[in-house]
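Novice: Got a sequence here, can you build the structure:
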Amino acid sequence: MNALVFGRATGRLSPGALRVRFGTVWMWPGIALTEKRGPTCVPIAADVARFWITRLHGPQANESAVLGCLDVAARRLNEGDEAGAQKALEGSGLTHLSSDGAALMRAVAGSLGIAPLDLPWAYGPRLWRAEHIAAHLPLFRDYAPAAGLLAKAAGWDESKHPRVPAGSREGGRFQGGEGGAAGASPEKPIQLPEIVITPLPPSGGGIGDNGGLPLEQPPKIPEDEPLSERLRNAFAKLAARWLARALAGAAFGPEGEFIVGLEAAAETVAWLYDKYPFIKSYLDEPKSLDELQRNVGKPEKGYEVHHIVEQTSAERDGYSREDIDAPDNLVRIPTLKHWEITGWYMTPNEDFGYISPREYLKGKSWDAKRKVGLDALIDAGVLMR
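Specialist: As a prediction, the model looks like this:
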């Protein structure tokens with residue numbers, strides 16, 4: 001299996017964790033830190049960038065330097081200078097992982113079936129327990145498609161990163177490359193907590209099809225409230241996707257027990273009560289276009305109004321708000337499906353020549369944009385074929 005590795009290709013340690021590919025700044029494993037707004041490349045929201053940076057590099061990461069480097073890199077990308085953008089990122093200071101970040105990275109790498117970053121980590125006290133690491137995995141699984149595409153562009157040499165022997169506890173996963181990074185000596189390996197990690201199937205599924213837990217192992221409902229809104233949303237997505245796969249595969253079994261457990265917990269746990277409508281709506285059967293459009297005028301928790309012809313693409317090409325917000329272009333769909341489709345539009349896609357659907361649609365006709373939008377709704381299981 002291919003993997004995305006930053007560094008070592010030149011025989012020396014990578015200067016940092018950020019790489020420029022496809023006109024975008026990426027953070028491992030496939031998180032875009034820049035985005036297009038109209039014709040202009042800009043950094044993503046600062047609070048979102050900080051969240052991802054601190055997951056792997058800890059709160060001590062020099063965030064101000066990172067954000068400044070991202071801004072410079074975005075300007076270079078607007079000038080068509082990818083080499084200059086990459087050089088700007090060398091001052092980001094992201095040259096080490098935190099001790100928690102190193103453990104998380106190994107867990108994410110095992111979950112996605114890719115290799116971890118070839119970076120040293122700073123030894124220090126571990127603050128995250130096993131359940132904190134496990135709760136983060138669904139967040140990173142959303143970036144599996146981008147990680148796979150970036151891996152193909154990285155010139156990966158699997159012979160330098162052989163898999164762990166199948167008989168070992170981590171059988172089938174990739175080892176570190178050529179002796180590992182500075183500070184990652186065999187005498188001081190990362191000690192991971194015991195976490196059940198399920199590798200994802202090969203990429204290529206539809207929107208939202210990113211694998212997950214096997215049907216006999218529904219996700220554990222957290223006893224304590226997750227630490228952030230992002231982690232609460234991550235559980236909602238994981239629960240919804242597990243149930244969708246389970247209900248599609250069998251009429252009886254563990255999915256019934258999980259539904260009962262969710263409903264019971266939602267009655268007494270405030271955060272889960274708030275998220276349950278999002279999980280429930282995700283399980284909706286595909287509907288006709290007429291029904292999706294009629295439901296726009298019926299607000300309901302767990303659903304959002306979605307534009308068939310994506311707003312960003314339409315605005316960039318000069319279409320009016322009257323056209324964009326016309327009833328024929330609006331549908332009401334499950335919130336979690338809406339998030340998945342939005343993420344799909346921003347992710348490089350092999351079907352569109354390894355650029356994102358949003359970039360592919362630049363300058364295309366309204367009918368072309370609408371066709372892609374309708375296909376996205378079908379692939380997400382929202383619209384009937």
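
Novice: ok, and what's touching the helix or strand hosting residue 51?
Specialist: Taking DSSP states H and E as the criterion, residue 51 maps to helix 46-57. For helix 46-57, contacts defined as Cβ atoms under 8 Å, 6 or more residues apart in numbering pick out 17, 27-28, 31, 33, 43, 61, 63, 66-67, 70, 94, 96-98, 101, 104-105, 117, 136, 230. Every C-beta, even on glycine, is put in place using the N, C-alpha and C of the backbone.

Novice: avg pLDDT for it?
Specialist: Confidence over helix 46-57 (mean pLDDT, whole number) is 85.

Novice: How about stretch 220-237?
Specialist: Rounded mean pLDDT across stretch 220-237 is 76.

Novice: cool, stretch 94-102 as well?
Specialist: Stretch 94-102 shows a mean pLDDT of 85.

Novice: What are the buried residues along that stretch?
Specialist: Residues of stretch 94-102 classed as buried by neighbour count (16 or more other Cβ atoms under 10 Å): 94-102.

Novice: Quote the end-to-end distance of that stretch.
Specialist: Its first and final residues considered, stretch 94-102 spans 13 Å by Cα to Cα, to the nearest Å.

Novice: elements contacting the helix or strand that contains residue 233?
Specialist: Counting by DSSP H and E, the element that carries residue 233 is helix 229-249. Applying 3 or more Cβ pairs under 8 Å, 6 or more residues apart in numbering; DSSP states H and E, one finds that helix 229-249 contacts helix 130-141, helix 254-268, helix 270-282, helix 335-346.

Novice: Same question for it: list its buried residues.
Specialist: Quick answer for helix 229-249 (16+ other Cβ under 10 Å): 231-246.

Novice: Equivalent analysis for stretch 74-86, please.
Specialist: Result for stretch 74-86 [16+ other Cβ under 10 Å]: buried residues 74-77, 82, 85-86.

Novice: Backbone dihedrals for residue 304, both of them.
Specialist: phi -140, psi 160 (degrees, to the nearest 10).

Novice: Apologies, that question was intended for residue 306.
Specialist: Reported as degrees, to the nearest 10, the phi and psi values for residue 306 are phi -120, psi 140.

Novice: now do residue 355
Specialist: When read as degrees, to the nearest 10, the backbone of residue 355 gives phi -120, psi 170.

Novice: Cool, thanks, signing off.
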